[in-house]
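K.L.:
I'll drop the sequence and a predicted model, then ask my questions.
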Protein chains: 2
Amino acid sequence: MDPKNKENLSKLLQDVNDLLGKNKIVEDLVDKQEMPKQKLIKNLVQKQNLSALGKLLNSLHSADVAFILESLPLDDRLILWDLVRADRDGEILLEVSDSVRQTLIADMDSTELLAAAEQLDTDEIADIAADLPEDVLQDLLQSLDSNNRERLESALSYPEDQVGALMDFDIVTIRDDISLEVALRYLRKIKKLPELTDKLFVVNRSQKILGVLSLKKIVVNEPELMVSDVMAQDAVLFKDSDDAAEAAKAFERYDLVTAPVVNDQNKLVGRITVDAVMDYIREETDSSALSMVGLREGEDIFSSIWKSVRNRWAWLAINLITALIASRVIGIFEGSIEKVVALAALMPIVAGVGGNSGNQTTTMIVRAIALGQVSVSHLRQLLFKEIGVAILNGILWGGVLGFIAYYLYGNSSLALVMTTAMTLNLILAALMGVMIPFTLSKSGRDPAVGSSVLITAMTDSGGFFIFLGLATLILI
Amino acid sequence: MDPKNKENLSKLLQDVNDLLGKNKIVEDLVDKQEMPKQKLIKNLVQKQNLSALGKLLNSLHSADVAFILESLPLDDRLILWDLVRADRDGEILLEVSDSVRQTLIADMDSTELLAAAEQLDTDEIADIAADLPEDVLQDLLQSLDSNNRERLESALSYPEDQVGALMDFDIVTIRDDISLEVALRYLRKIKKLPELTDKLFVVNRSQKILGVLSLKKIVVNEPELMVSDVMAQDAVLFKDSDDAAEAAKAFERYDLVTAPVVNDQNKLVGRITVDAVMDYIREETDSSALSMVGLREGEDIFSSIWKSVRNRWAWLAINLITALIASRVIGIFEGSIEKVVALAALMPIVAGVGGNSGNQTTTMIVRAIALGQVSVSHLRQLLFKEIGVAILNGILWGGVLGFIAYYLYGNSSLALVMTTAMTLNLILAALMGVMIPFTLSKSGRDPAVGSSVLITAMTDSGGFFIFLGLATLILI
């Protein structure tokens, strides 16, 4: 067996960039000296390069082609996209990220799109449907037979966070009243099982699910045994309306490869596979990492300036408002700052360290909430612990800062204000760091997104207020 | 089939907490009035509750027990841990998070630990070995037969980021010169295949791998065919020294369930399964999210105050230093602030919005680097785009802020300083947001961790310097 089949993607990407680079050098050279002969050579060399690229691309797994397309600036990406064999357009569109898919689809006409979509299964069409122009989607629905049209319509009807949206229709069903021998004969007639098939679904005449029969059980049991004797009746199954995140957790906990999906009447309607679950988990963690800094979606890093501005503006606007509020808090104490200008230099430290510490607390709590590991009943305990941590850190780091303030400005009252303000702001950060994610999650919002902004806003404004307020009371 | 087998974890956790709560109420009541009779009742009620809890726990999947243990404060956790049947200790220790495992192991003596570890496979022992006391590990090595001892020692020898560390030894091998019929007879003799087995590994006499034979192929092909005719010779395989992250990506790209692992001599040494890969991905994304805010490891949210302080201190110390530097930058301009005190109120806005925007840029670049999608050859293009975004945002939001500054302080020069400083700091943020992750990743560090601190340090100090410097030039 040859271990080279696992593509080294960074090497591959390098090759593609090299070939694209050669093209550009030729182009640049010839563009500078517009002579017919050079032009001819240019065309020849380009054709050679492009044909080498095309060969390379069409020898690759579609996931790898998708990766390369995602890694190239828009103009290079479209050159490559034209080189991909038309009959692979569908599977590659399926593999690329949403933002890159939009750039590829924008480059295709309706006929090409329709042809590409027709290569896909109905559950796959559903995955890219959001990016297809309305007219193509309508044409597509027309072109399907009634069975598949129904499936596509039902797949499109599920919200993104339901099991139904993750489901595919590649199910192989058998009856429970046959022997394994007969089951094997049936399978040999089918000849090819869908990807990732690790079990068959046992159903009765009305498609109600009775159990699952793993291929493992088929191959290790005597052929005379009946399906009903060998099948598992207590396997994990999902309702199409179940929460997708819960299903993903169940896949992780119970180490599943596939699981049946039933509707309200307990009828088998599809299956979930571990690769759909992995994609789902990847997307979720990805989008939560991005939304932490206010990016609305996985940005195509080669997208236009204008698109990037739109993707990021909302967050900057919110940040501007919270910064303005903090600025107004400082504004209240302008008189004090005029008298002791050292306050201006020291106040950002109190605010900054508070924000940092609050974000540590919040990150931990958000994670525990996401895993379902803490409930409001632990609130008192968590607050107690976090406030303890804050007091310890306040005395420790606040003490260090007080000492530094004394060293810099020779003012012991200022040092006292520094240490006290630091401790108080860390306690505020601990309180808010625990309360904010719980409150957001109680009110049905995503605690991962809002918490970080809110906590920073609190520790900024709060930190300035505590520090400057204390200074005004004690120093002025 | 009964769909209730999928445990509703939050409901379960509630039940456990209720039972624990009942115990505490009884305890509180009786502690207040120390009478022998009440004490007797207390004991009875507690025993009843505990036996109900024990029954509940021992009916659950070990992954679910692990989840419940992770979700309880330390004292409750240890009560439950004592109720778990001793013969399940091993699998549950395997399932809990590292920090929770340490609390459980601290509660066990050497005999209990040895007994628990002996329930596990060698690859599983390797996974928890880091948390076992040295003497237990030595005893354990003694207790294993030479074959398993060798396996354990080899499993322990792999660094955490290599395929060897993810590998298990649950492999089923066959020869290529037998028919499927014979293969089936062999499997029927084995009776039970390891979890997640989707394929058999075809090897020659010296354990060199020749190909893989999926169970799917076994059940759909005619029994007379030879293994060598049906097996896949081009399946994905890994070296034990391969990068674990690369292997995880390959599992996602090629939708694998299991894959063979070979050593340098191309001999089969184990396999990787999709559930090991999912655990790995989960841990990686988890630890990168935690390290973004400077948490060194997945903190047991119910850990002691002192442990938490230690887990978080390094980050706070770094933050303190960068805050001090920013504070010293302000210190340079104290004269200017004394003259125009509005500067003190406005300067945090310039720094804050810059930091925010820089973090957006950096998050995107870090992600693209992690996916291997950008290289230094795209640097110019990325810088061009990000600076474009910065200038647009600077004019837009800087303009708004200039207007607000004019409205608040009636000083048009101040407004001009505000808008210009904002634009310049956003450009600085864009430059640094692109350069820092590239530089970190070039120097072999994890760009996810350092970037956020560095960028914020730059935009804070830089923002203060640009704003106060401009103000000093223009206003003073």
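P.N.:
Here it is on my side, so go on.

K.L.:
okay but A:Asp139 is in contact with A:Thr111, surely?
P.N.:
No. Using CB atoms under 8 Å, A:Asp139 makes no contact with A:Thr111, being 9.5 Å away. To be clear about C-beta, it is placed using only N, CA and C from the backbone, and glycine gets the same treatment.

K.L.:
more neighbours: which of the two?
P.N.:
A:Asp139 (17 against 10; other CB atoms under 10 Å in any protein chain shown).

K.L.:
where does pLDDT dip in chain A?
P.N.:
A:1-9, A:24-45, A:296-299, A:449 (pLDDT under 70).

K.L.:
what distance do you get for the residue positioned nearest the centre of it to A:Asp198?
P.N.:
Closest residue to the average C-alpha location of chain A: A:Glu283 at 2.4 Å, with CA atoms, centre = their mean. Spatial separation of A:Glu283 from A:Asp198 under the definition CB to CB, to the nearest Å is 24 Å.

K.L.:
again, but for A:Tyr406
P.N.:
69 Å.

K.L.:
so those two - more neighbours on which side?
P.N.:
It is A:Asp198, of A:Tyr406 and A:Asp198, that has more neighbours when counted by other CB under 10 Å, with 22 against 17.

K.L.:
who are the contact partners of the closest residue to that one other than its chain neighbours?
P.N.:
With CB to CB, 6 or more residues apart in numbering or on different chains as the criterion, A:Asp198 has its nearest non-adjacent residue at 4.3 Å, and that residue is A:Val257. A:Val257 sits next to A:196, A:198-199, A:273-274, B:196, B:198, B:257, B:274 when contact means CB atoms under 8 Å, 6 or more residues apart in numbering or on different chains.

K.L.:
same check on A:Leu440?
P.N.:
A:446-447, A:450-451, A:454.

K.L.:
quickly find the element holding it.
P.N.:
helix A:412-442 (DSSP states H and E).

K.L.:
what residues sit buried inside that helix?
P.N.:
A:414-438, A:440-441 (16 or more other CB atoms under 10 Å in any protein chain shown).

K.L.:
buried residues in stretch A:365-381?
P.N.:
With burial defined by 16+ other CB under 10 Å, the residues of stretch A:365-381 counted as buried are A:365-371, A:373-374, A:378.

K.L.:
can you give me the end-to-end distance of that stretch?
P.N.:
13 Å (CA to CA, to the nearest Å).

K.L.:
go on, stretch A:171-191?
P.N.:
14 Å.

K.L.:
starting at the chain centroid, how far to that stretch?
P.N.:
39 Å (CA atoms, centre = their mean, to the nearest Å).

K.L.:
that stretch near chain B anywhere?
P.N.:
Yes. Using CB under 8 Å from any CB of the partner chain, we find that stretch A:171-191 touches chain B at A:184, A:187-188, A:190-191.

K.L.:
for A:Thr420, what are its contacts?
P.N.:
Neighbouring residues of A:Thr420 by CB under 8 Å, 6+ apart: A:398, A:470.

K.L.:
in JSON lines, list the contacts of A:Val257 along with distance to A:Asp107 and secondary structure.
P.N.:
Listed next are the contacts of A:Val257 as JSON lines, based on distance: CB to CB, whole Å; DSSP: H, G, I helix; E, B strand; the rest coil:
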{"residue": "A:Leu196", "distance to A:Asp107": "32", "secondary structure": "coil"}
{"residue": "A:Asp198", "distance to A:Asp107": "38", "secondary structure": "coil"}
{"residue": "A:Lys199", "distance to A:Asp107": "41", "secondary structure": "strand"}
{"residue": "A:Thr273", "distance to A:Asp107": "30", "secondary structure": "strand"}
{"residue": "A:Val274", "distance to A:Asp107": "33", "secondary structure": "helix"}
{"residue": "B:Leu196", "distance to A:Asp107": "41", "secondary structure": "coil"}
{"residue": "B:Asp198", "distance to A:Asp107": "38", "secondary structure": "coil"}
{"residue": "B:Val257", "distance to A:Asp107": "35", "secondary structure": "coil"}
{"residue": "B:Val274", "distance to A:Asp107": "35", "secondary structure": "helix"}
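
K.L.:
which of the residues you listed sits closest to A:Ala245?
P.N.:
A:Val274 (15.4 Å; CB to CB).

K.L.:
that closest one touches A:Phe251, doesn't it?
P.N.:
Yes. Applying CB under 8 Å as the test, A:Val274 and A:Phe251 come out as touching, 6.1 Å apart.

K.L.:
between these two, what contacts are shared?
P.N.:
Residues touching both A:Val274 and A:Phe251 (CB under 8 Å, 6+ apart) are B:Met278.

K.L.:
just the helices in the stretch 101-250 of chain A please.
P.N.:
With DSSP state H, counting those that start in this stretch as the criterion, the stretch 101-250 of chain A has helices at A:110-118, A:122-128, A:134-143, A:146-157, A:163-166, A:180-190, A:215-220, A:227-230, A:244-254.

K.L.:
which of the ones you listed has the highest mean neighbour count?
P.N.:
Neighbour counts (mean count of other CB atoms under 10 Å in any protein chain shown) averaged over each of the helices of the stretch 101-250 of chain A peak at helix A:163-166, with a mean of 24.

K.L.:
packing partners for that one?
P.N.:
The elements that helix A:163-166 packs onto, with contact taken as 3 or more CB pairs under 8 Å, 6 or more residues apart in numbering or on different chains; DSSP states H and E, are helix A:146-157, helix A:244-254, strand A:268-273, helix A:274-292.

K.L.:
can I get these in a markdown table with distance to B:Ile321?
P.N.:
Formatted as a markdown table, these follow (distance: least, CB to CB, whole Å):
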| stretch | distance to B:Ile321 |
| --- | --- |
| helix A:146-157 | 54 |
| helix A:244-254 | 39 |
| strand A:268-273 | 49 |
| helix A:274-292 | 24 |
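
K.L.:
where does A:Ala259 land in three-state SS?
P.N.:
Here A:Ala259 is recorded as strand under DSSP: H, G, I helix; E, B strand; the rest coil.

K.L.:
surely it and A:Phe238 touch.
P.N.:
Yes. In this structure A:Ala259 lies within contact range of A:Phe238 using CB under 8 Å: 6.0 Å.

K.L.:
now do the shared contacts for those two.
P.N.:
Joint contacts of A:Ala259 and A:Phe238 (CB under 8 Å, 6+ apart) are A:247, A:250, A:272.

K.L.:
which ones are touching A:Met432?
P.N.:
A:Met432 touches A:358, A:454-455, A:458-459, counting by CB under 8 Å, 6+ apart.

K.L.:
cool, and A:Ala115?
P.N.:
The contact partners of A:Ala115, by CB under 8 Å, 6+ apart, come to A:86, A:89.

K.L.:
look up how far A:Asp135 lies from it.
P.N.:
Distance, A:Ala115 to A:Asp135, by CB to CB: 15 Å.

K.L.:
now A:Tyr186
P.N.:
42 Å.

K.L.:
A:Ala471 too?
P.N.:
A:Ala471 sits at a distance of 66 Å from A:Asp135 (criterion: CB to CB).

K.L.:
try A:Lys339
P.N.:
70 Å.

K.L.:
from the recorded domain assignment, give the ranges for chain A.
P.N.:
Domain segmentation of chain A under automatic domain parsing yields A:7-158, A:173-292, A:305-474.

K.L.:
fine by me, we can end here.
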